[in-house]
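>>> Model the following, please.
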Amino acid sequence: MQAIARRIDKPSKSKKSKTTQTTRSNSSPAELFHLHRQAQSHRARILGMLLIPMNSEYQINLGRAPDVSQACTEAWGNLQDEVITPLRELLGIISSHEWRKKGVEIPALGNPPNNRIYQHYGVFSPIRGEYINLVAQAPTPPKNPHKKMVAFDIGTGTGVLTAILAKRGFNHVIGTDQSQRAIDCALDNLSRLNLLNLDSVKVEIIKADLFPEGLASLIVCNPPWLPGRASSSIDHAIYDENNKMLLGFLNGLAQHLEPEGEGWLIM
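Predicted structure coming up:
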């Protein structure tokens, strides 16, 4: 697979390649981005043709093959029959399994070892934490002593921002996501952090398209930041086709905010 990747990535010396390079030099940033994504998709499609057969227990019948049963069970659940999968996806599953074993330390959640977030397969890992520190440190809306303070985390993913908000003094925090993998991942992380059974704050994870029912004093959203088409499950955390999630958040924000409430768009 590495040899195939090198062949794909090696610049061509043909006349057609020179014409393509001229086209690129005269293209707008949007057109260049489209061409880049097109090339990435073509590359992924070719590399995805290298397949690995596994039996119903995720065993690979090759002498030097590693044991991938636990990693595959975490990603796909139990099998009833044999399966054939792209080697590229299998490597991604193994990588996700290793990240899930050790977790990602989040200083804003407290001291080790009780400050780790564990990423599940197909859920974006919070390995770059600048946005987490922003949410942990930015001033929140003024608290009303006569009213419960509610916060929404739109597109919760691993649940990391829901956890941060739960530690910032809100009475009720709701994280939402459309992906069942993300829902399961967030619930697992919040359970590990002992945030689901607190007396001081009610924490919920709900499967929803953007907003849950009700109003909130603070609504936080860290949407996918590139306006392209997702080509895999993990890409949905990075690519937002036609800015669907971004526009949905902006257009629906006002009707879900309490008076004097705030919406935080994290980019």
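
>>> just for the stretch 1-150 of the chain, where's the confidence low?
Regions of the stretch 1-150 of the chain meeting the criterion pLDDT under 70 cover residues 14-24.

>>> ranges for the helices of it?
Assigned by DSSP state H, counting those that start in this stretch, the helices in the stretch 1-150 of the chain fall at 2-9, 15-25, 29-47, 69-76, 87-102, 130-137.

>>> from those, which stretch is densest packed?
Comparing the helices of the stretch 1-150 of the chain by mean neighbour count (mean count of other CB atoms under 10 Å), helix 69-76 ranks first with a mean of 17. To be clear about C-beta, it is placed using only N, CA and C from the backbone, and glycine gets the same treatment.

>>> So which residues of the stretch 101-250 of the chain form strands?
Assigned by DSSP state E, counting those that start in this stretch, the stretch 101-250 of the chain shows strands spanning 104-105, 116-117, 150-154, 172-177, 202-207, 216-221.

>>> The third one vs strand 172-177, what angle?
In this structure, strand 150-154 runs at an angle of 10 degrees to strand 172-177, with axes from the mean of the first three to the mean of the last three CA atoms, to 10 degrees as the basis.

>>> helices or strands next to strand 150-154 in the packing?
helix 160-166, strand 172-177, strand 216-221 (3 or more CB pairs under 8 Å, 6 or more residues apart in numbering; DSSP states H and E).

>>> What are the contacting residues of the second one?
Which is strand 172-177. 148-157, 159, 161-162, 165-166, 183, 186, 201-208, 210-212, 216 (CB atoms under 8 Å, 6 or more residues apart in numbering).

>>> just the angle between that strand and strand 216-221, please?
Going by the same axes, to 10 degrees, strand 172-177 makes 30 degrees with strand 216-221.

>>> just the buried members of the contacts of strand 172-177?
For the contacts of strand 172-177, a burial check counting by 16 or more other CB atoms under 10 Å picks out 149-157, 159, 161-162, 165-166, 183, 186, 201-203, 205, 208, 210-212, 216.

>>> and the helices of the stretch 1-150 of the chain as a markdown table, adding distance to residue 229?
Listed next are the helices of the stretch 1-150 of the chain as a markdown table, based on distance: least, CB to CB, whole Å:
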| stretch | distance to residue 229 |
| --- | --- |
| helix 2-9 | 20 |
| helix 15-25 | 20 |
| helix 29-47 | 7 |
| helix 69-76 | 22 |
| helix 87-102 | 18 |
| helix 130-137 | 24 |
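
>>> Do me a favour and get the end-to-end distance for stretch 136-147?
Its first and final residues considered, stretch 136-147 spans 22 Å by CA to CA, to the nearest Å.

>>> Same check on stretch 134-147?
25 Å.

>>> Likewise for stretch 121-130?
22 Å.

>>> Then stretch 172-183?
So stretch 172-183: terminal residues 18 Å apart, CA to CA.

>>> quick one: buried residues of that stretch?
172-177, 179, 181-183.

>>> Stretch 50-66 now?
So, applying 16+ other CB under 10 Å, buried residues of stretch 50-66: 52, 54, 58, 60.

>>> check contacts around the second one.
By that I understand residue 54. Applying CB under 8 Å, 6+ apart, the residues near residue 54 are 60, 68, 72, 82-85.

>>> For residue 176, see how far away it is.
The gap separating residue 54 from residue 176 is 35 Å, by CB to CB, to the nearest Å.

>>> Find me whatever residue is spatially closest to residue 126, sequence neighbours aside.
residue 160 (4.8 Å; CB to CB, 6 or more residues apart in numbering).

>>> Residue 168 too?
Residue 168 sits nearest to residue 140 (CB to CB, 6+ apart), 6.1 Å away.

>>> In this structure the one you found contacts residue 218, no?
Yes - at 6.0 Å, residue 140 and residue 218 qualify as touching, with contact defined as CB atoms under 8 Å.

>>> Quick check: neighbours shared by those two?
With CB under 8 Å, 6+ apart, residue 140 and residue 218 have common neighbours 170, 262.
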